[in-house]
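S.K.: would you be able to build a 3D model of this:
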Amino acid sequence: MAVNKRKSRKATKILLIISSIFGLLVIAGAIYFYTLKDVSPKDSSANQKYCGCYYLDPLVNNTCGDSRQGFNFTLTGAPETSTCTPDCSTSTLNTSYLNSSTEQADYQICQVQNISDERCTDMDILTDEGQIVTGKVTTSDTLEISATFDEIYSNYVFYINSEPVTTDSVSVDQKTITKTINVADYSDVSSLEIKASAKDSQEENINAEACHRLIEITGEGEINVSRLAFETTTDTDNVGYRYETALIDVGNLLSSENIKVVFGFDKTSIADLTMTDGLSVSTSSGRITIQETDLYLSSNFEEDKDFSVLEDVTGDLVITATVYQGTTNLGSADTTIEIPIPDDTTDDSSTDSDSDDTDTTDDTSSDETSYFSVSKACSPSCVERVEGNNLATFTITITNAQEISDDISSVLDKLPLGFTYVEDSSEINDQSISDDDYISVETVGNSQEITWEAENGWSIAAEDAWILTFDALAGDNAITGENQNEVVVTPVNTPDDPTDLRAEAVIQVAQDCTSPDTGILDISIVKILIGFMIISTGYFIYNSPKGSELAQAVTKTSSYKSVRKAGIKIFRPKTYFEEKLVEKLEKKRKKKN
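M.R.: Here you go, the predicted model:
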């Protein structure tokens, strides 16, 4: 009985050891798959998300979307389940430390949600006078660049126009790197794209938005027109807008003499307006200001007309201002005014058509208002930056909700950063089209804008859809995480709702799109339950009669005996040889009997 009890306890110990090994294997497997899961560049971001905001100098750009053209990027973290709200305010900007003539209130704040890589937290670019570069420099400038990371990494480097440049210094805490460059060394290019990077413990490159800038290089004293903006109010009859103030930013303007502005409009029914008087020109601030009274005074214009010609215009209106000094064109800027379309556009004069017997039911685009909507999708939903796994197919679907056919004039698609269009990949309604005939591609920094445009537009049948597909490749500069891809459709007629003409698709860029998620093993309560089951099993075997019977049955199996022998041979060799000797004596005794 004592021998059986001893064997039962030994079996229990073996089972407990096996159970513990099994538990360790489960935990090791969970850790292994967790490290494979591409949740973000940092493990800590699995339960944390990041957003950010930055400032735009209107003398550089007045449209949010490309964070590289901003400055003073600010990161904000928040729990995954809560709302992330970045904190930026123009009141905190000290304009005396900025190398721009822009007034404090005129700087624009842009927000970025879902920051995919927050490991480089800040990058400052200063002139040799200590002023922050807001987006433009001259060839005579010397730039001091510094970038700060959240942790210590290896292989710190700056990239200038995609070329790696070694750092000048690394701070004592090994988190901040610096570099000094002379802009004159890059006089053969029109811009500087500056990025700070490093390698993490997995030898992956850090690619953070906060440490990526695009700076324009201008000639010394070069005059440039950079912004057009209007202050508007609804007209007295609630149809169209009235223009109260016009602002035109002109950099490096030395004289206010002989200035004139030509206003152009994207609607062919509206002729250009050439303004020669009523212009308030400030050379110190680099701005032309035009007040409402001057905009609506016909004697200020060569055509003897004024902005009253825009009173009844609705829908999107693109206005371009071209500035001249004498006969010299100083440059131009444009802006889009989104003018609401009145709900009730019924025209009582329609009764006059009763006397007209002509059947117009088959006319294309006979209504003045279009009713298009657009949607966008991409396949696959995740791409990598390596050849063979970096191809994405985008599908744009434009639907005509009217009971008659209608026309669109163009489609504009803004690819995510680092993506490039694949030549001759476009198809309309499953029919290939020629790039030379219909497509123009414009490179903007590390991205592209693609425009599909036909001479007479495309007609979409009543209650039908027009489907455009094309391919794009993710390059080395594609940003890890979610990337937005926007499409804008331009109809021939005024849209019923301009917001229906824009759509977005989100595509994921990852190091490995096939990496499995941890799944059930990623849930803490599951790990606890597995551990509890292992301990409960051992307790049951040790204390219950059934457990003892099971343990005894196990000790009699050949597998148990083989495992036990292997164990004592390694850890208790003396006992092993003693038992081998006893076995031999037992065999001899049996032979004699």
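
S.K.: compute the first-to-last residue distance for stretch 291-305.
M.R.: 16 Å (CA to CA, to the nearest Å).

S.K.: cool, stretch 79-90 as well?
M.R.: Stretch 79-90: ends 26 Å apart by CA to CA.

S.K.: and the contacts of it?
M.R.: 46-55, 72, 74-78, 104-105, 107, 109, 111-113 (CB atoms under 8 Å, 6 or more residues apart in numbering). The way it works is simple: take the backbone N, C-alpha and C, and place the C-beta from them, glycine included.

S.K.: strands - which of those land there?
M.R.: 48-55, 72, 74-78, 109, 111-112 (DSSP state E).

S.K.: just the buried members of the residues you listed?
M.R.: Buried residues within the ones in strands among the contacts of stretch 79-90, counting neighbours by 16 or more other CB atoms under 10 Å: 49-55, 72, 74-76, 109, 112.

S.K.: could those residues go into a markdown table alongside pLDDT?
M.R.: A markdown table is the format used below for these (pLDDT from 0 to 100):
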| residue | pLDDT |
| --- | --- |
| Lys49 | 86 |
| Tyr50 | 89 |
| Cys51 | 90 |
| Gly52 | 90 |
| Cys53 | 92 |
| Tyr54 | 92 |
| Tyr55 | 91 |
| Asn72 | 90 |
| Thr74 | 89 |
| Leu75 | 90 |
| Thr76 | 89 |
| Ile109 | 89 |
| Val112 | 87 |
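
S.K.: can you report how many residues lie near Lys565?
M.R.: By other CB atoms under 10 Å, the residues close to Lys565 number 13.

S.K.: name the helix or strand for it, please.
M.R.: helix 558-571 (DSSP states H and E).

S.K.: what packs against that helix?
M.R.: helix 2-36, helix 573-592 (3 or more CB pairs under 8 Å, 6 or more residues apart in numbering; DSSP states H and E).

S.K.: worst mean pLDDT among the ones you listed?
M.R.: Least confident of those, judged by mean pLDDT, is helix 2-36 with a mean of 62.

S.K.: so what strands line up beside the longest strand along the chain?
M.R.: For the chain, the strand with the greatest residue count under DSSP E is strand 447-460. Strand 447-460 has its sheet partners listed here by DSSP bridges as strand 406-414 (antiparallel), strand 439-444 (antiparallel).

S.K.: for it, C-alpha coordinates in PDB please.
M.R.: Provided in PDB are the C-alpha atoms of strand 447-460 (Å, rounded to 0.1, in the frame of the first residue of the first chain):
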ATOM      1  CA  SER A 447       2.100  61.500 -53.500                       C
ATOM      2  CA  GLN A 448       0.100  62.000 -56.700                       C
ATOM      3  CA  GLU A 449      -3.100  63.500 -57.900                       C
ATOM      4  CA  ILE A 450      -4.800  61.800 -60.800                       C
ATOM      5  CA  THR A 451      -7.400  63.500 -63.000                       C
ATOM      6  CA  TRP A 452      -9.600  61.700 -65.500                       C
ATOM      7  CA  GLU A 453     -11.100  64.100 -68.000                       C
ATOM      8  CA  ALA A 454     -12.800  63.800 -71.400                       C
ATOM      9  CA  GLU A 455     -13.300  66.600 -73.900                       C
ATOM     10  CA  ASN A 456     -17.100  66.200 -73.800                       C
ATOM     11  CA  GLY A 457     -17.300  64.600 -70.400                       C
ATOM     12  CA  TRP A 458     -19.000  61.200 -69.600                       C
ATOM     13  CA  SER A 459     -22.700  60.700 -69.800                       C
ATOM     14  CA  ILE A 460     -24.300  58.500 -67.100                       C
END
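
S.K.: for the helix or strand that that strand is followed by, buried residues please.
M.R.: Sequence-wise, the next helix or strand downstream of strand 447-460 (DSSP H and E) is strand 465-474. Buried residues in strand 465-474, counted by 16+ other CB under 10 Å: Trp466, Leu468, Thr469, Phe470, Asp471, Ala472, Leu473, Ala474.

S.K.: wait, which of these is closest to Ile404?
M.R.: Trp466 (14.9 Å; CB to CB).

S.K.: I'd say Ile507 and Cys378 touch.
M.R.: Yes - Ile507 is within contact range of Cys378, at 4.8 Å (criterion: CB atoms under 8 Å).

S.K.: what sits against the nearest residue to Gln174 once chain neighbours are set aside?
M.R.: What sits nearest to Gln174 in space, not counting adjacent residues and going by CB to CB, 6 or more residues apart in numbering, is Ile152, at 4.7 Å. By CB under 8 Å, 6+ apart, the contact list for Ile152 reads Asp173, Gln174, Lys175.

S.K.: quick check, nearest of the residues you listed to Val441?
M.R.: Lys175 (40.0 Å).

S.K.: quick one: that closest one from Tyr50, how far?
M.R.: 18 Å (CB to CB, to the nearest Å).

S.K.: state the distance from the most centrally placed residue in the chain to Glu257.
M.R.: A centroid search over the chain (CA atoms, centre = their mean) returns Asn483, at 4.0 Å, as the residue closest to the centre. Asn483 is 48 Å from Glu257, where distance means CB to CB.

S.K.: got it, and Ile530?
M.R.: In terms of CB to CB, Ile530 sits 83 Å off from Glu257.

S.K.: and the two? Which one has more around it.
M.R.: Taking neighbours as other CB under 10 Å, Ile530 and Glu257 compare with Ile530 leading, 17 against 8.

S.K.: that's a helix at that one, yeah?
M.R.: Yes - using DSSP: H, G, I helix; E, B strand; the rest coil, the secondary structure at Ile530 is a helix.

S.K.: tell me the phi and psi of Thr176?
M.R.: phi -120, psi 130 (degrees, to the nearest 10).

S.K.: ok, what's across the strand from the closest residue to it other than its chain neighbours?
M.R.: Leaving out its chain neighbours, the residue that sits closest to Thr176 by CB to CB, 6+ apart is Thr148, at 4.7 Å. In this structure, Thr148 bridges to Asp122, Thr176 when assessed by DSSP bridges.

S.K.: paired strands for the one helix or strand Thr399 maps to, with orientation please.
M.R.: Secondary structure from DSSP H and E places Thr399 in strand 391-400. Using DSSP bridges, the strands paired with strand 391-400 are strand 372-379 (antiparallel), strand 465-474 (antiparallel).

S.K.: how about those strands in CSV, adding distance to Val422 and mean pLDDT?
M.R.: Formatted as CSV, the strands paired with strand 391-400 follow (distance: least, CB to CB, whole Å; pLDDT from 0 to 100):
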stretch, distance to Val422, mean pLDDT
strand 372-379, 13, 92
strand 465-474, 4, 92
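
S.K.: can I get those strands in CSV with distance to Ala551?
M.R.: Supplementary listing: those in CSV, determined by distance: least, CB to CB, whole Å:
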stretch, distance to Ala551
strand 372-379, 57
strand 465-474, 58
